[in-house]
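> Quick one, fold the following:
(one chain, ligands or ions: 1)
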Amino acid sequence: MSNESSRKARELRSAASAARGRRNFLAGALSVGAASALARSAFADPLKTAPGTAADHVPARGPTPPIAADKKLVPLAADPKAPVPTESASGLALPALPYPQSALEPYITANTVSLHYGKHHRTYYEKVNAAVQGTPLSGKPLEHIVKESAKGGKDRQKLFNNAAQAWNHDLYWQSIKPGGGGEPSGELRKRIDKDFGSYDAWKSQFITIATEHFSNGWVWLVLDKNKLKIVDTHDADTPLVRGRKPLLVIDVWEHAYYLDYKNVRKDYVTAFVEHLINWDFVAKNLG
Ligand code: FE2
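Residues are numbered from 1 along each chain as shown. Sure thing, here's the model as predicted:
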């Protein structure tokens, strides 16, 4: 073979090798892109994630999923409009609503739930995760963070506010359900009759305290030394750090009702009591 022929043969082999390389690269990129799209779609579309945790739907092989498999992740709400839970490989995840955002209508509209849960509640979680990152509280359960940050110290106040608000809202969404309200039954009803005189007395007291609570805060049914009580707390404060067992809570911050009821908080509180309270959840908390 002449020198000229040898040179051309080397050039042809080199060109063929480059073409194979490009094909392999493109095939790999397509595979990664498709897997990434599949992973993203599994998290972005709640309809594709039930039942089980979102992490169940991460492809077994492929690139690192956008959300790490985290035991704290919870099933997404069935409502396709429901926000995707806050994701973090090391942080706390915003729990999914136990019902679709529109399920509490007409008493609490989807518009209010979207803002209240999707913005306010989510932001508290995000601020907690940012605050504990790189500290001994990173990776700890939310309840632990609330209790630790409540122990005082000027630098802990901001963390307590956000952690307690996250925890209080968790309880709030579970305290209500579509088709709730009415009168409790069983052992819980007996305890209410014993400690308040009657259900009607309890209802009247709860509505009055929640309506008249000044400014932002929460109104709770708690177990205090084996006795049921109604207590109210201001801002982010919570009975969780005051030696009382929270059983039920209503959020009386304006963001909880203002879009639906404007300044008429009593109508919101009354609707909460008569149509939304999840008494089964309250009874379970009572134990
Ligand atoms: Fe709230």
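> Would you agree residue 253 is in contact with residue 217?
Yes - if you go by C-beta atoms under 8 Å, residue 253 and residue 217 touch, sitting 7.1 Å apart. Using the backbone N, CA and C atoms, a C-beta is placed for each residue, glycine as well.
> Do a quick rundown of the strands in the protein.
217-224, 227-234, 245-251 (DSSP state E).
> Tell me which of those strands lies nearest to the ion.
The ion sits nearest to strand 245-251 of all those, at 4.2 Å, using C-beta to the ion.
> Could you list every helix and strand in contact with that closest one?
helix 157-175, strand 217-224, helix 279-286 (3 or more C-beta pairs under 8 Å, 6 or more residues apart in numbering; DSSP states H and E).
> Give the rounded mean pLDDT of the longest one.
In this model, helix 157-175 has a mean pLDDT of 97.
> same question, the last one
Per-residue confidence for helix 279-286 averages out to 98 on the pLDDT scale.
> Export that helix to PDB, keeping only CA atoms.
Output of helix 279-286 as PDB, limited to C-alpha atoms (Å, rounded to 0.1, in the frame of the first residue of the first chain):
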ATOM      1  CA  TRP A 279     -63.700  13.900  65.300                       C
ATOM      2  CA  ASP A 280     -62.200  10.600  64.500                       C
ATOM      3  CA  PHE A 281     -58.800  12.300  64.400                       C
ATOM      4  CA  VAL A 282     -59.500  14.000  67.700                       C
ATOM      5  CA  ALA A 283     -60.500  10.700  69.300                       C
ATOM      6  CA  LYS A 284     -57.400   9.000  68.100                       C
ATOM      7  CA  ASN A 285     -55.300  11.800  69.600                       C
ATOM      8  CA  LEU A 286     -57.100  11.400  72.900                       C
END
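> Any idea which of the helices and strands packed on strand 245-251 gets closest to the ion?
Closest among the helices and strands packed on strand 245-251, once you apply C-beta to the ion, is helix 157-175, at 5.6 Å.
> Mind giving me the packing neighbours of that closest one?
Packing partners of helix 157-175 (3+ C-beta pairs under 8 Å, 6+ apart): helix 122-132, helix 142-149, strand 245-251, helix 279-286.
> any chance of the ones you listed in CSV, with distance to residue 101 and mean neighbour count too?
Shown next, in CSV, are the helices and strands packed on helix 157-175 (distance: least, C-beta to C-beta, whole Å; neighbours: other C-beta atoms under 10 Å):
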stretch, distance to residue 101, mean neighbour count
helix 122-132, 13, 20
helix 142-149, 22, 19
strand 245-251, 16, 23
helix 279-286, 19, 17
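> Throw the ones you listed into a markdown table and include distance to residue 271, thanks.
A markdown table is the format used below for these (distance: least, C-beta to C-beta, whole Å):
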| stretch | distance to residue 271 |
| --- | --- |
| helix 122-132 | 24 |
| helix 142-149 | 28 |
| strand 245-251 | 10 |
| helix 279-286 | 15 |
